[in-house]
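# Just a sequence and a predicted model for now, questions to come.
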4 protein chains.
Amino acid sequence: MWLIGARGSVATTVVAGCAALAAGLHEPTGMVTETAAFADVPLPPLASLVFGGHDITSCPLPKRAEQLAAGGVLPHGLPRSVHAELAAADVEIRPGGPQPGDTRDDEALTAAFAADLRAFRRTHGLDRVVVINVASTEPGPGPGSGSGDDRLPASSLYALAALRAGCPYVNFTPSTGLHHPLLRDMARCSGLPYAGRDGKTGQTLLRSALAPMLAQRALNVRAWSGTNLLGGGDGAALADPAAAAAKNAGKAAVLRDTLGELPSGELHIDNVPALGDWKTAWDHVAVDGFLGSRVILQTIWQGCDSALAAPLVLDLARLVAAAHAAGLSGPLPGLGFYFKDPDNGPAALSDQYTALTTTFATQLREAQR
Amino acid sequence: MWLIGARGSVATTVVAGCAALAAGLHEPTGMVTETAAFADVPLPPLASLVFGGHDITSCPLPKRAEQLAAGGVLPHGLPRSVHAELAAADVEIRPGGPQPGDTRDDEALTAAFAADLRAFRRTHGLDRVVVINVASTEPGPGPGSGSGDDRLPASSLYALAALRAGCPYVNFTPSTGLHHPLLRDMARCSGLPYAGRDGKTGQTLLRSALAPMLAQRALNVRAWSGTNLLGGGDGAALADPAAAAAKNAGKAAVLRDTLGELPSGELHIDNVPALGDWKTAWDHVAVDGFLGSRVILQTIWQGCDSALAAPLVLDLARLVAAAHAAGLSGPLPGLGFYFKDPDNGPAALSDQYTALTTTFATQLREAQR
Amino acid sequence: MWLIGARGSVATTVVAGCAALAAGLHEPTGMVTETAAFADVPLPPLASLVFGGHDITSCPLPKRAEQLAAGGVLPHGLPRSVHAELAAADVEIRPGGPQPGDTRDDEALTAAFAADLRAFRRTHGLDRVVVINVASTEPGPGPGSGSGDDRLPASSLYALAALRAGCPYVNFTPSTGLHHPLLRDMARCSGLPYAGRDGKTGQTLLRSALAPMLAQRALNVRAWSGTNLLGGGDGAALADPAAAAAKNAGKAAVLRDTLGELPSGELHIDNVPALGDWKTAWDHVAVDGFLGSRVILQTIWQGCDSALAAPLVLDLARLVAAAHAAGLSGPLPGLGFYFKDPDNGPAALSDQYTALTTTFATQLREAQR
Amino acid sequence: MWLIGARGSVATTVVAGCAALAAGLHEPTGMVTETAAFADVPLPPLASLVFGGHDITSCPLPKRAEQLAAGGVLPHGLPRSVHAELAAADVEIRPGGPQPGDTRDDEALTAAFAADLRAFRRTHGLDRVVVINVASTEPGPGPGSGSGDDRLPASSLYALAALRAGCPYVNFTPSTGLHHPLLRDMARCSGLPYAGRDGKTGQTLLRSALAPMLAQRALNVRAWSGTNLLGGGDGAALADPAAAAAKNAGKAAVLRDTLGELPSGELHIDNVPALGDWKTAWDHVAVDGFLGSRVILQTIWQGCDSALAAPLVLDLARLVAAAHAAGLSGPLPGLGFYFKDPDNGPAALSDQYTALTTTFATQLREAQR
């Protein structure tokens, strides 16, 4: 498992959490791949996963884990219990890019990243390496993009490196990744499975459960408004309007696809550093019911971003690895359950769950035989 | 359509709303039977429905409708627009019972109610009469029930009368109705279709969408607490602890059936007369996620009870009528979508929707051929 | 009482409400001047008030009132009960400006408005005319203002006309009004009392009660975030970022003045047409308590904008009229209770209430003797 | 400072927190006695305080502190930093009572407690000992109390012991304490200052700020409903209806005293063990405004009970000690700021703050001269 953004909160929680589960220190709460639905699906065991990744910062993983525990994100005492695993993963983190002042062009960067992936696979004698982007959201292709700047965004360089090195790829962020016009065809012809984008961890998860409920009841959603408050690295990244726009596009897609049309209403993402890794999402839905009678639904979701994301990232790594082993390639619509902006597949959460645990799990089971 | 509690807010909204839709004054928002999913299912047209019912109060329906419009429950001006239909239904309302001081025994009451149903069917030359209980919740079989009092609750008398008169029966309330030990077998042998109980209009609707979401994500629901505030007749009725207990049993069933076990947490139903027909439900869900990380979900649902119930009542009348026409009998698990405490069938809302719009709709379509 | 924006929702509610109270149809809920605190203060009786105003639209007041009743803003039946008073006020509404294509310059407009005020006072033989701005918020002096456009904003033209005609002036909106560099000195030398600006009707009212609570408890407010949803004319006006900026400045002032410094956190004002005149404000306050322990306070305020504003407007008209009669002039810090952005005076609501009901009321009482 | 319930969460947070502040490890957030308002009031310095107390459990304070840190109640690492101070206080904790199977009568228990207090004062050569009850809420004097059981509740035995030993007394809980018919006169004649009861840490704090706001705006509060969710020891204690009734009486008093009459609406206190020491309070206030227009205010307060209480307990200990030194006696209405159910004094929080920081602080300052 190769993490882009390997020193971030999500990646640190993934590495520490996988070690804690493998050691039996915690129940695998939040991991669908550990439920009965995947009982006899051939997934790589958690204890067999090896971690590495790219990052542009240098804080060692054990120290990052201590910081997260001090902020209440990781359980007290866990960083010490899994220190060895954190240190082992830290050794396998390579410098990302482009860094400020980096003189390498896109080709040089991609080649370097792909070489890192191949070396990691070879050194550890791995069957395969799944690359997962959990880095901070990068600004989207804003109005000025393209004019005079024909470089690929960093997320696409990493995605391209994954294709070159023959690695399945998952984009857990709203960054561009494989969703770049220059990469789309290459991805489809790569023979590799991939999935994305933008993990569905909070407000959009709720929306993908509640919007179908309102649609099934034939209610008329007039406006769906929302505000997200979050600190941490993601809060700062999303304070950039272009980055927020990328994220909001995914959130809107869920409403449009389940309600038939996008209701009015704005969606705000505010950086609130005082909240640290804890995020809060408030939604206000104005509905017209029978004879135009007003119904108001409000939801408040509070959780720790990294802890919401980490079990999904572990699920995805295992599922995409199994898909690769099973010879599947191209986008995996069976994984829409995990994403705000998936590649095809149904939009309602319950249908996505069925697609994951029935169709997709069956594919993996059958490939084994 | 024969309404038990025919002068209540729900019944008045049903009669006025049906007339408004038949006249094209409003869109059929909130009615699933008017969506594409039921396009070619042989349902009785709204304009063909004839209304009557039992009640123990005497306020005329047109006047009740004016009261509801003054409280913002019905649209301004609607009572005048559908005055003729309200007056026509008012003529067909017969005295319910037992009234205070009533000397008739259960047998006499049941016989009188059944005679009312037969007369209604005959007078109007109806194919069938669907009996729907929308009366205020009656106290449940509390600790002292049974001891020294072997009379049936009123809701069961009406249900028994429906069986005797050969009428399909729907229980939209948490009252006992057919769920009485003495009636259960009789219902199963009646050759009639029936459905219930306790319409799912607000908090439980939400729970049946959100509990599956949390279960599918393999999250650990530690406590689900809730408070309902409502005024109107239902608020007063549910201030009685025994009546509230009946309602709460249905609400708990949804959580137990979708989460695997009932989480801790209490559920309060408070009578707040100042809210009138508007109800508010607050839910607080404490969840353990990955590595024990805390997630809190809170929901607030505000709506007008009658307007939430009325389209479901109209849907049910049409669906049960069609089931009767199609020769179906016994409990209808395909209608679990509408109830807190349905007879079998799935517990998750999305599965209930599929059962309704696929299995059940297909049954009705095929019976037609 | 002369209302700028005389055909708007607030003005219509003011005229209809004053008539309803004078006729004894409703209790004077929401009016501080009708409480015991003002028992023997010489205020003009509600029944003595005469209404006129400026507006640029033409919908007659009785019709506006019918629209508001249909939307649930005014009580059912009230427009008919007070039709005569609405029609009488309608006769006294003069065209505002500048209208699109208006060729009059600032001087000509101001002169016309002042003439309207003098004619109104003369025709009705009034002791005095209080001018109150309740028009939609106009864009504030944005980044581009001033450059090439040296005209006064419309709100300032009306304010200037009031000064010229010798009328006390109240600015209930965040628009510029007398807060223009060119008018400030003129106002102070006019010998007239005036007050403003921006009525405190919802979220800021709450903040002016809650921020002092947190400060008095020596808690450390780290972030105060908020979102306002509103439709109606004000929602549309505030969708303009410059208009919203004017409003937000007032809201921020309350936090800065009561907490000592402005906490981080954004404030959004979203136009949600589906909400009509009903507005919703959500606030999320992240607080550090003892030993850094986190406290979260969230508030949700739902109300009808016009009904929240109208009693304050009636209070202000009476209080400023009494101040004029008492010979007071200049800004009235005793009225800070009503405003987001008052002229001096305390910032905490309870202190503002004391200033209003003690100091200011005493001034008015003593002037009488 | 002598804590009844000395091994509980609140007491542990008080001891650890006082040590942390004295050592300069944290800012004194939440302590009013550390603000400018008390700049030159002669209060005992935090570093001078000596801790002891009664408890019926035996878990050592350093271990309790570790448990609280693991639950996120105390900062990570703090228990180790202040281990010496926790251990020192632990040595001074004496067995409380009556314990199960205790054969001592009220007189024997009281005498033993008073002896403990005198010994503590003597051993450490203290000027005075302030006794503060922070034990779990005991069941109130329910309907059956008095009949056949003429023993004093435990909280009253401790209070009586304080009087006998000449110690000022503070009741931070809703338990009876000095509010017993047999103790009332004794307290008044004791020449000692005392204060209580039931610390105002969350929902009631909010209510004492918001109810005055609504009253000052002349709005008509129709119903005030609320639900509290809490785990920990207090959640379990308050699951007892009699204990909850005692607490609710104080909460209702705030509304009645500030609104003029008690609005309708229920108040629930639910034990939710999964929440641990974190409590959540939801309030729903239905208000009638101008012309009967509806306003709804909802608040959600989330915080850690011990961290909310501890700074108030430290404030109270210092203030009551200073009052004793200044020769004040009897109930201290200047401390109503801290209590749900204070002895006289104003009910609105802002007035209580003024009474504390002006009248009371001045008394203490003047006594010094």
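Nice, I can see it. Numbering: from 1, shown residues only, chains lettered A, B, ... in the order given.
# Strands along chain A, start to end?
Taking DSSP state E, the strands of chain A run over residues A:2-4, A:52-55, A:93-95, A:131-133, A:169-171, A:193-196, A:220-230, A:267-271, A:278-288, A:294-304, A:330-331.
# Okay, buried residues for stretch A:60-70 please.
A:Leu61, A:Pro62, A:Arg64, A:Ala65, A:Glu66, A:Leu68, A:Ala69 (16 or more other CB atoms under 10 Å in any protein chain shown). To be clear about C-beta, it is placed using only N, CA and C from the backbone, and glycine gets the same treatment.
# Now intersect those with the helices, please.
Using DSSP state H, the members of the buried residues of stretch A:60-70 that fall within helices are A:Leu61, A:Pro62, A:Arg64, A:Ala65, A:Glu66, A:Leu68, A:Ala69.
# In JSON lines: those residues, plus pLDDT and distance to chain C.
JSON lines is the format used below for those (pLDDT from 0 to 100; distance: CB to the nearest CB, whole Å):
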{"residue": "A:Leu61", "pLDDT": "98", "distance to chain C": "25"}
{"residue": "A:Pro62", "pLDDT": "98", "distance to chain C": "24"}
{"residue": "A:Arg64", "pLDDT": "97", "distance to chain C": "21"}
{"residue": "A:Ala65", "pLDDT": "97", "distance to chain C": "20"}
{"residue": "A:Glu66", "pLDDT": "95", "distance to chain C": "17"}
{"residue": "A:Leu68", "pLDDT": "94", "distance to chain C": "16"}
{"residue": "A:Ala69", "pLDDT": "92", "distance to chain C": "15"}
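# any idea how far the residue of the stretch 101-250 of chain A found nearest chain D lies from chain B?
Here the residue of the stretch 101-250 of chain A nearest chain D is A:Leu229; by CB to the nearest CB that distance is 13.9 Å. Separation of A:Leu229 from chain B (CB to the nearest CB, to the nearest Å) stands at 14 Å.
# Ok, A:Gly166 next?
In terms of CB to the nearest CB, A:Gly166 sits 30 Å off from chain B.
# Ramachandran angles for the spatially closest residue to that residue that is not a sequence neighbour?
The shortest distance from A:Gly166 to any non-neighbouring residue, by CB to CB, 6 or more residues apart in numbering or on different chains, is to A:Leu192 (6.7 Å). When read as degrees, to the nearest 10, the backbone of A:Leu192 gives phi -110, psi 150.
# Quick check, A:Leu192 in contact with A:Leu163.
Yes: here A:Leu192 reaches A:Leu163: they are 6.5 Å apart, a contact under CB atoms under 8 Å.
# interface residues of the stretch 151-300 of chain A facing chain B?
For the stretch 151-300 of chain A, the contact set with chain B under CB under 8 Å from any CB of the partner chain comprises A:205-206, A:209-210, A:212-213, A:216-220, A:288-300.
# still on that earlier bit, quick one, what contacts the residue of the stretch 101-250 of chain A closest to chain D?
Counting by CB atoms under 8 Å, 6 or more residues apart in numbering or on different chains, A:Leu229 touches A:Gly235, A:Asp270, A:Val272, A:Leu275, A:Lys279, A:Thr280, A:Ala281, C:Ala223, C:Ser225, C:His284.
# OK, contacts around the last one?
Think C:His284. Applying CB under 8 Å, 6+ apart to C:His284 gives the contacts A:Thr227, A:Leu229, A:Thr280, A:Trp282, C:Ala223, C:Trp224, C:Ser225, C:Gly226, C:Gly265, C:Ile296, C:Leu297, C:Gln298.
# Name whatever forms a beta bridge with the third one.
Put plainly, it is A:Thr280. Listed by DSSP bridges, the beta-bridge partners for A:Thr280 are A:Leu229, A:Gln302.
# Tell me how many other residues surround it.
Here the count is done by other CB atoms under 10 Å in any protein chain shown, and A:Thr280 has 23 residues near it.
# So which residues of chain A form helices?
So, for chain A - with DSSP H - the helices run A:9-22, A:61-70, A:78-81, A:83-91, A:106-124, A:154-164, A:181-189, A:203-216, A:232-238, A:241-259, A:305-325, A:349-354, A:361-368.
# Pick out the shakiest of those helices, pLDDT-wise.
For the helices of chain A, mean pLDDT drops lowest on helix A:232-238, to a mean of 76.
# Name the residues that touch that one?
Contacts for helix A:232-238 (CB under 8 Å, 6+ apart): A:8-9, A:136-138, A:229-230, A:243-244, A:247, A:269-273, A:275-277, A:279, A:305.
# Show me just the buried residues among those.
Neighbour counting by 16+ other CB under 10 Å classes A:8-9, A:136-138, A:229-230, A:243-244, A:247, A:269-272, A:275-277, A:279, A:305 among these as buried.
# Which residues of the stretch 1-150 of chain A lie near chain B?
So far as CB under 8 Å from any CB goes, the stretch 1-150 of chain A lies against chain B at A:13, A:16-17, A:20, A:26-32, A:34-35, A:73-75, A:78.
# 7 Å instead?
Counting by CB under 7 Å from any CB of the partner chain, the residues of the stretch 1-150 of chain A lying close to chain B are A:Gly17, A:Ala20, A:His26, A:Thr29, A:Gly30, A:Met31, A:Val32, A:Glu34, A:Thr35, A:Leu74, A:Pro75, A:Leu78.
# Most neighbours among those residues, please name it.
Within the residues of the stretch 1-150 of chain A next to chain B, most neighbours by other CB under 10 Å means A:Leu74, with 31 neighbours.
# Pull the contacting residues for that residue.
Applying CB atoms under 7 Å, 6 or more residues apart in numbering or on different chains to A:Leu74 gives the contacts A:Thr13, A:Ala16, A:Ala65, A:Leu68, B:Leu291.
# ok, now with 10 Å
A:Leu74 sits next to A:9, A:12-13, A:16-17, A:20, A:64-68, A:82, A:277, A:304, A:306-307, A:310, B:290-293 when contact means CB atoms under 10 Å, 6 or more residues apart in numbering or on different chains.
# Return only those of those residues found close to chain D.
The residues of those that also fall near chain D, by CB under 10 Å from any CB of the partner chain, are A:Glu66.
# you'd agree A:Met31 is up against A:Val14?
No: with contact defined as CB atoms under 10 Å, A:Met31 and A:Val14 do not form a contacting pair (11.2 Å).
# Check the separation of the first and last residues in stretch A:132-139.
In terms of CA to CA, to the nearest Å, the two terminal residues of stretch A:132-139 are separated by 18 Å.
# Distance from it to the middle of the chain?
The chain centroid and the centroid of stretch A:132-139 are separated by 8 Å, computed with CA atoms, centre = their mean, to the nearest Å.
# Return the residues of chain A in contact with chain D.
By the rule CB under 10 Å from any CB, the part of chain A lying against chain D is A:Glu66, A:Ala69, A:Ala70, A:Gly71, A:Gly72, A:Pro75, A:His76, A:Gly77, A:Ile296, A:Gln298, A:Ile300, A:Gln302.
# can we see that at 8 Å?
Within chain A, the residues that sit near chain D (CB under 8 Å from any CB) are A:Ala69, A:Ala70, A:Gly72, A:His76, A:Gly77, A:Ile300.
# my guess is A:Ala22 contacts A:Leu46, does it?
Yes: assessed by CB under 8 Å, A:Ala22 is found in contact with A:Leu46 at 4.8 Å.
# the more surrounded of those two?
Using other CB under 10 Å as the criterion, A:Ala22 and A:Leu46 rank with A:Leu46 on top: 20 against 16.
# quick one: pLDDT of the more buried one?
In this model, A:Leu46 is scored at 97, pLDDT.
# same thing with A:Pro342?
Looking at A:Pro342, the pLDDT reads 89.
# Count the residues that sit near it.
Residues lying near A:Pro342 (other CB under 10 Å) number 27.
# go on, A:Ala239?
Around A:Ala239 there are 16 other residues, counting by other CB under 10 Å.
# Apart from its neighbours in sequence, what residue is nearest it?
In this structure, A:Ala239 finds its nearest non-sequential neighbour in A:Asn271, 3.8 Å apart by CB to CB, 6+ apart.
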